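# give the three-dimensional model of this entry:
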Amino acid sequence: MQYLLNFLAAIGRSVLGLCRGAGAIALFAVEGVSHLVRPPFYPRLIGRAFVEIAYFSLPVVSLTAVFTGMVLALQSYSGFSRFGAESAVANVVVLSITRELGPVLAGLMVAGRIGASFAAEIGTMRVTDQIDALTTLSTNPMKYLVAPRLLAGALAMPLLVVVADILGVMGGWLIGTAKLGFGSASYLNSTLNFLEPMDVISGLVKAAVFGFLVALMGSYHGYNSKGGAQGVGAATTAAVVSSSILILALDYVLTEMFFSR
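Residues are numbered from 1 along each chain as shown. Here you go, the predicted structure:
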């Protein structure tokens, strides 16, 4: 009986800890967003964060999208050839890339690169008392460090996903025309005729949410890190893991909102 009570108590502590963490993140996000509409503003910091997210993440997102499109075309052709439906390869590639794989894979790549970077930078500032120094200088750390990153993440990710969509479809077209025997014009016509505006719009909305989420988790874990270098490392790991899990979870929620009948 005692073992059962200990087990239930452990579950209860885990649930309470999860709720406490979710509430702390929600309050952190609300405070960060509130500073976006209240002066003073820091456009230089927003631009710096935007460049860091959009420009420096472009190579890894581009490579991921191209090879994903190429593999998707090969796998789709292999499966559809069993049913004589090889002509649907272009449709499946463009639909999968624009709705799901483009925003999700771009979000995961940015989470690994930018989420870790934000957590490490802000975490280092926390453990070296630089954030306390900002407060001493009458500069709000949330407005100076967090709010610009949240806005930049929400603005930069859709641009990255546009590039990922184009390159992913291009990767599928490259394999389709060079290896699978499709005509270039027929493949592109099939892609354009099958694509609908909502497919692209849903992917861009997901991208904005994922970008905000990555910036939020990186900033939150870095801002609340403690314990010196070991604490910064733990914050970096937590930022990447939590961002990746939330991206996959919110992907389902947003897909249900857009496409459930």
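
# run through who's touching stretch 115-125.
Residues outside stretch 115-125 that contact it (Cβ atoms under 8 Å, 6 or more residues apart in numbering): 52, 130-131, 145-146, 149, 214-215, 217-219, 221-223, 225, 231-232, 235-236, 238-240, 243. Glycine gets a C-beta too; all of them are placed from N, C-alpha and C.

# in helices, which of these fall?
Mapping the contacts of stretch 115-125 onto helices (DSSP state H) picks out 52, 130-131, 149, 214-215, 217-219, 221-223, 231-232, 235-236, 238-240, 243.

# ok, and the closest non-adjacent residue to N91?
F194 (4.3 Å; Cβ to Cβ, 6 or more residues apart in numbering).

# hang on, that neighbour packs against V89?
No - the pair F194 and V89 does not pass the contact test of Cβ atoms under 8 Å, sitting 11.0 Å apart.

# the two: which has the busier surroundings?
V89 (27 against 15; other Cβ atoms under 10 Å).

# so what's that one scoring on pLDDT?
At V89, the model reports a pLDDT of 86.

# count of neighbours near V66?
19.

# which helix or strand contains it?
Element membership for V66, per DSSP states H and E: helix 58-80.

# which helices and strands sit right next to that helix?
If you count contacts as 3 or more Cβ pairs under 8 Å, 6 or more residues apart in numbering; DSSP states H and E, helix 58-80 packs onto helix 89-96, helix 102-110, helix 147-178.

# list the buried ones in stretch 130-150?
For stretch 130-150, burial by neighbour count (16 or more other Cβ atoms under 10 Å) applies to 131, 134, 141-150.

# model confidence over it, on average?
The model assigns stretch 130-150 a mean pLDDT of 89.

# i'd like the first residue to be 44 from this point on
All right, first residue 44 from here; so that's stretch 173-193.

# which residues touch the strand or helix carrying R87?
Take DSSP H and E as the rule and R87 turns out to sit in helix 86-97. Residues from elsewhere that reach helix 86-97 (Cβ under 8 Å, 6+ apart): 153, 157, 160, 187, 191-192, 194-196, 198-200, 202-203, 254, 258.

# in this structure G75 contacts A195, no?
No - using Cβ under 8 Å, G75 is not in contact with A195, being 11.9 Å away.

# tell me which residue lies nearest the centroid of the protein.
The geometric centre of the chain, computed from its C-alpha atoms, lies nearest to G150 (Cα atoms, centre = their mean), at 2.5 Å.

# spit out the contact partners of that residue.
With Cβ under 8 Å, 6+ apart, G150 has these contacts: 200, 249-250, 253-254, 256-257, 286, 290.

# closest to F123 among those residues?
Taking Cβ to Cβ as the measure, K249 is the one of these closest to F123, at 26.3 Å.

# name the helix or strand for the closest one, please.
helix 240-266.

# next: N236.
Per DSSP H and E: helix 227-237 holds N236.

# how about that helix: buried residues?
If you call a residue buried by 16+ other Cβ under 10 Å, then helix 227-237 has these buried ones: 230-231, 233-234.
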